[in-house]
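Asks: whatever this is, show me its structure:
(chains A and B)
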Amino acid sequence: MSPSILGNDRLVELLVQRAIDGMLNADERMQLKQLLAQEPYGDSDQIDQTAAALLIAGAGDEEPLPATLRNKLLQQADAFSASAPRSVVRNISPAQRSQPAPKEPAFPASGRAKRTIQMPPAKVAWFAAAASVLLAIAGWWPRMTGGPEQTAQTLTVQEQRAQLATKPSVVKRDWTATAEAAAQSAEGDVVWDPESQTGYIRFSGLAPNDPRKQQYQLWIFDAARGDKYPVDGGVFDIPAAGGEVVVPIQARLPVRDAAMFAVTLERAGGVVVSEREHIVVLAKVASG
Amino acid sequence: MRECIDQFGSLIWSIARRLTRSHADAEDAVQEIFTDIWRSAARFDPAQGSEKVFVATIARRRLIDRLRRAGRHATTELTDEMESLAWSDPGTQAETCAEAQTAAKAVMQLRPEQRQVLELGLLQGLSHSEIAEALKMPLGTVKTMMRRGLLQVRQIMGISITPVDEVQP
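Replies: Numbering: from 1, shown residues only, chains lettered A, B, ... in the order given. I've put the predicted structure just below:
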């Protein structure tokens, strides 16, 4: 049985600090390295993995990978497999997916992991296919059916917006421009689906911004939270080229009861708390 | 690797959008994360946890590094009632991951102020110092609450390290 990190307070402290703060200073890095080398800890990744499990739990609903980014990743994958040394390319077997209960493994994990290690890049594709067939036959293919999701991955952001807008649960409101100069010709709308916690904002005529100096930022006022701390809906840019711009909403926290959407013009990178000095458009949801 | 992209792309994209400030930042981060995953794939050990947690761990590390390098934190929204809406109602990401479901249940057993410290650190990407500043708490208190909170969640999750040799079919 491997020793546990729980027996060493300083080690736990450094692992938590690395997990939360990211970077350690040189002394801390050295100390962590030395502490980890002292014993063959079997749980040294558990702090990071607990943090990751909590992040998944709080990540909300899935947002489909944009089609353009998926294409870039596919190209990147091809380039990687062509250039990577054989020792670093290993297929993550589809059959290992969604096996969330390490306490009750349903298959000979170590054996399969060893079988899939260090495949030559050229053999990865056929190996994955062969492994998939064998594992499916074995009857424990836990893969989720993902038809709608895969369809969404091939849609543009405009198409995704249009598709979402057809859902009965969606709230759709037109923007009301304020007296801000940037909003003089602004129009567009917001669509928000409280069920999936996804939505899109659409603009035409909103003044282009210089992303190095200022960016637009979306705020969602949640009636369940009060208007003191609206939920950050992400920052975005309006390019100089003009035309219609559609931006996916990325609510940083779940929104229970969206009462109003607002866009402010902030310094580059956005702000934690807006001074609300430059509100450019508003869309009120509540009728009251 | 194509399957890896399709299987985990939405998860990584969703996490990246949460811990970056813009669409463009998120795109860059996702590309870096997939390279990290491919490079680290040989380290995956199913006895330690699911693939989903494995890739989320890699993604989170990369995103936190990017945040710190950029010298700015992700976002801060404080709720007056200190109620974690995110964990009280996990979304579809958690539905497909038993560890995440268990983690969400576990974190809801913590004291609200402790949960808020974890929420700011894990869901909003704030450092210990930034959390201390946001909550007007001493740094040492924040570190203690974070450490104890994570260990409590881990304990409630019942993570046990099973040596690979002991895993039976």
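
Asks: how about the secondary structure of residue A:254?
Replies: At residue A:254 the chain is in coil, as set by DSSP: H, G, I helix; E, B strand; the rest coil.

Asks: now for chain B, the helix or strand with the poorest mean pLDDT.
Replies: Taking mean pLDDT, DSSP states H and E as the measure, the helix or strand of chain B with the lowest value is helix B:92-95, at a mean of 61.

Asks: next helix or strand past that one?
Replies: helix B:98-107 (DSSP states H and E).

Asks: pLDDT on that following helix, on average?
Replies: Taken as a whole, helix B:98-107 has a mean pLDDT of 87.

Asks: for residue 66, which non-adjacent residue is closest in space?
Replies: The chain I'm using is chain A. In this structure, residue A:66 finds its nearest non-sequential neighbour in residue A:157, 6.5 Å apart by CB to CB, 6 or more residues apart in numbering or on different chains. Just so you know, the C-beta spots here come from the backbone N, C-alpha and C atoms, and that holds for glycine as well.

Asks: chain B was what I was after
Replies: residue B:29 (5.8 Å).

Asks: host element of that neighbour?
Replies: Using DSSP H and E, residue B:29 falls within helix B:23-40.

Asks: just the CA atoms of that helix, as PDB, please.
Replies: What follows is helix B:23-40 as a C-alpha-only set of coordinates in PDB (Å, rounded to 0.1, in the frame of the first residue of the first chain):
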ATOM      1  CA  HIS B  23     -13.600  33.800 -26.800                       C
ATOM      2  CA  ALA B  24     -10.100  34.200 -28.400                       C
ATOM      3  CA  ASP B  25      -8.300  33.400 -25.200                       C
ATOM      4  CA  ALA B  26     -10.400  30.300 -24.800                       C
ATOM      5  CA  GLU B  27      -9.600  29.100 -28.300                       C
ATOM      6  CA  ASP B  28      -5.900  29.500 -27.700                       C
ATOM      7  CA  ALA B  29      -6.100  27.800 -24.300                       C
ATOM      8  CA  VAL B  30      -8.100  24.800 -25.700                       C
ATOM      9  CA  GLN B  31      -5.400  24.200 -28.400                       C
ATOM     10  CA  GLU B  32      -2.700  24.200 -25.700                       C
ATOM     11  CA  ILE B  33      -4.700  21.900 -23.500                       C
ATOM     12  CA  PHE B  34      -5.200  19.300 -26.200                       C
ATOM     13  CA  THR B  35      -1.500  19.300 -26.900                       C
ATOM     14  CA  ASP B  36      -0.900  18.800 -23.100                       C
ATOM     15  CA  ILE B  37      -3.400  15.900 -23.100                       C
ATOM     16  CA  TRP B  38      -1.800  14.100 -26.000                       C
ATOM     17  CA  ARG B  39       1.600  14.500 -24.400                       C
ATOM     18  CA  SER B  40       0.300  13.300 -21.000                       C
END
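
Asks: what's next to it, contact-wise?
Replies: Outside of helix B:23-40, the residues within contact range by CB atoms under 8 Å, 6 or more residues apart in numbering or on different chains are A:65-66, A:69, A:72-73, A:76-77, A:80, A:84, A:88-89, A:92, A:234, A:236, A:247-248, B:1, B:4-5, B:8-9, B:12-13, B:16-17, B:19-20, B:55, B:58-59, B:61-63, B:66.

Asks: tell me the angle of the host helix or strand of residue A:158 relative to helix B:23-40?
Replies: Residue A:158 is located in helix A:157-165, with elements delineated by DSSP H and E. Angle, helix A:157-165 to helix B:23-40, by axes from the mean of the first three to the mean of the last three CA atoms, to 10 degrees: 100 degrees.

Asks: what's the average pLDDT for helix A:157-165?
Replies: Averaging pLDDT along helix A:157-165 gives 88.

Asks: again, but for stretch A:260-279
Replies: Here the average pLDDT along stretch A:260-279 is 86.

Asks: can you check the pLDDT for residue 58?
Replies: If you meant another chain, say so; for now it's chain A. pLDDT recorded at residue A:58 is 85.

Asks: that was the other one, I meant chain B.
Replies: Here, the pLDDT recorded for residue B:58 equals 94.

Asks: same check on the one 10 residues further on?
Replies: The confidence metric pLDDT takes the value 84 at residue B:68.

Asks: look up phi and psi at it.
Replies: The phi/psi pair for residue B:68 (degrees, to the nearest 10) reads phi -70, psi -40.

Asks: burial measure for it, as a count.
Replies: For residue B:68, the tally of surrounding residues (other CB atoms under 10 Å in any protein chain shown) stands at 15.

Asks: need the contact list for it.
Replies: A:21-23, B:127.

Asks: which residue, other than its chain neighbours, is closest to the residue nearest the centre of chain B?
Replies: Closest residue to the average C-alpha location of chain B: residue B:122 at 5.1 Å, with CA atoms, centre = their mean. Distances taken as CB to CB, 6+ apart put residue A:54 closest to residue B:122, at 5.0 Å, once the chain neighbours are dropped.
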